[in-house]
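Visitor: take a look and give me a structure for this.
(one chain, ligands or ions: 3)
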Amino acid sequence: MKLDEFLRLNAPDELGALAMAVAKSSLTVWESIPFKSGMVAGVNPSGERQKAIDVFSNDEFAEALAATGAAKEIASEEMEEPVKAKGSISVAMDPLDGSSNVETNNPLGSIFGFYSRSLPASGRSLVGALYVTYGSMVTVTLSFGKGVHRFVAVRGPAETSFELMGVNIRLPERPEVYGVGGSRREWVPAVRDFVDSLEGRGLRVRYCGTFVGDYNQVLSRGGMFAYPELVNRPQGKLRLLYETAPMAYINEQAGGYASDGKRNILDIEPKTLPEPSPAYIGSADVVRDLEKAVSATSG
Ligand code: AHG
Ligand code: MN
Ligand code: MN
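Guide: Ligands and ions are numbered 1, 2, ... in the order given. The predicted structure is shown next:
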């Protein structure tokens, strides 16, 4: 089944239009990556230098989303203010996740949260979420609250389409892999000890430095991805609205749990658009054990 047919049968019209626009534009972004890897002068609202691909993907997706007529606003980690439009859904996006990994050809991603409330808003107001993985395959993984489903880009004689690859994807029972961002010497002791305990439980490290790529393998193999609180960066790095809440929504739909170390990431009400939080996401039993370990040592 092709993506457009799946969306017609399984998604509300506005969400289907937004998801289709993102899928189509993701192919343009993917084909542009080799030509847009240089740095540009700009700095994003989180104070991070921008790459040409960050700006190009932001503009490509924002234009395609606005053109659907289904987006009320489009907020992005690459823009100070949201683009205002005429629809009913508030879209928050990380248009290119992992852009520091372009030169090394590590997996990259794009993340989208579809919110029913004006932004900033908690993950509880998500009505859908989608991430694109640019890896050995280009895949779209999405949920509109009725399970997690995946599509893969397939080049046809006339065009490239997205074909259904998996329905109702669930985290496996047994956790197998973990990946933790930042560097070990920056992790707070409770995180370091917990990571050592994961090795003791037989989990193996699988880390590529891109949130989407690192989470995508946790969804298949079970375990945990974390960008934790760091000694000098207690709020961590990943942004709730654009990165961790949409991924936590998909993860919860797949039977998992995501925490900031104290509570469910989806319950956090961000005060600002780029607000970061520590993020621990994956198999529910592993992340709940992490919460116990971290809260046992914090005030
Ligand atoms: P982005 O490229 O959208 O800023 O995201 C990069 C993030 C995330 O993808 C990854 O988990 C993390 O940065 C890695 O950060 P460090 O390089 O600090 O480990
Ligand atoms: Mn990112
Ligand atoms: Mn990004």
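Visitor: run a quick neighbour tally on the nearest residue to Arg150 once chain neighbours are set aside.
Guide: Leaving aside its sequence neighbours, Arg150 sits nearest to Gly166 (CB to CB, 6 or more residues apart in numbering; 4.2 Å). For glycine as for every other residue, the C-beta is placed from the backbone atoms N, C-alpha and C. Other residues near Gly166 come to 13 when the count uses other CB atoms under 10 Å.
Visitor: got a pLDDT number for Gly166?
Guide: For Gly166, the pLDDT comes out at 98.
Visitor: repeat for Ser37
Guide: 89.
Visitor: how about Ser298?
Guide: 68.
Visitor: surely the residue nearest to Arg150 meets Leu142?
Guide: No. Assessed by CB atoms under 8 Å, Gly166 is found out of contact with Leu142, at 11.0 Å.
Visitor: burial of whichever residue of the chain sits closest to ligand 2, as a residue count?
Guide: Closest contact between the chain and ligand 2, by CB to the ion, is at Asp97 (3.4 Å). Asp97 has 29 neighbours, counted by other CB under 10 Å.
Visitor: try Ala158
Guide: Applying other CB under 10 Å, we find 6 residues neighbouring Ala158.
Visitor: sticking with it, tell me its helix or strand.
Guide: Per DSSP states H and E, Ala158 falls between elements, in no helix or strand.
Visitor: where do the helices of this protein begin and end?
Guide: For the chain, the helices defined by DSSP state H occupy 3-10, 13-32, 52-67, 189-200, 211-221, 245-253, 284-297.
Visitor: roughly how far apart are Gln196 and Thr272?
Guide: Quick fix: residue 196 is Asp, not Gln. 34 Å (CB to CB, to the nearest Å).
Visitor: could you do Ala19 as well?
Guide: From Ala19 to Thr272 the distance is 27 Å (CB to CB).
Visitor: and if you look at Lys24?
Guide: 31 Å.
Visitor: burial measure for Gly38, as a count.
Guide: Neighbours of Gly38 (other CB under 10 Å): 10.
Visitor: grab the nearest non-local neighbour of it.
Guide: Ala52 is the one closest to Gly38 (CB to CB, 6+ apart), at 5.3 Å.
Visitor: now do Ser220
Guide: Nearest to Ser220 is Pro172, by CB to CB, 6+ apart, at 7.7 Å.
Visitor: likewise for Glu14?
Guide: Nearest residue to Glu14, sequence neighbours excluded (CB to CB, 6+ apart): Ala70, at 3.7 Å.
Visitor: could you check the pLDDT of that neighbour?
Guide: For Ala70, the model assigns a pLDDT of 98.
Visitor: okay, domains of this structure per the record?
Guide: 3-166, 177-297 (automatic domain parsing).
Visitor: rewinding a little: and the residue nearest to Glu14, how many neighbours?
Guide: 23.
Visitor: cool, and Asn101?
Guide: Asn101 - counted by other CB under 10 Å - has 15 other residues nearby.
Visitor: got it, and Gly179?
Guide: Neighbours of Gly179 (other CB under 10 Å): 25.
Visitor: surely it meets Asn216?
Guide: No. If you go by CB under 8 Å, Gly179 and Asn216 don't touch, sitting 10.7 Å apart.
Visitor: neighbour count for Ala19 and Thr272, which is higher?
Guide: Per other CB under 10 Å, whichever of Ala19 and Thr272 has more neighbours is Ala19, with 27 against 11.
Visitor: which one is Val294 nearest to, not counting chain neighbours?
Guide: Val294 sits nearest to Gly261 (CB to CB, 6+ apart), 4.2 Å away.
Visitor: now Lys84
Guide: Glu73 (5.5 Å).
Visitor: based on its surroundings, how many neighbours for the one you found?
Guide: Neighbour number of Glu73 under other CB under 10 Å is 19.
Visitor: ok, it to ligand 3 distance?
Guide: 19 Å (CB to the ion, to the nearest Å).
Visitor: ok, Val205 next?
Guide: When Val205 is compared with ligand 3 (using CB to the ion), they lie 23 Å apart.
Visitor: in the sheet, which residues pair with that residue? Tell me.
Guide: Tyr178 (DSSP bridges).
Visitor: pull out the buried positions in stretch 279-290.
Guide: 279-284, 286-287, 289-290 (16 or more other CB atoms under 10 Å).
Visitor: what ranges does the stretch 1-150 of the chain have for its strands?
Guide: 39-43, 49-51, 71-76, 83-84, 89-97, 108-115, 126-134, 138-143, 149-155 (DSSP state E, counting those that start in this stretch).
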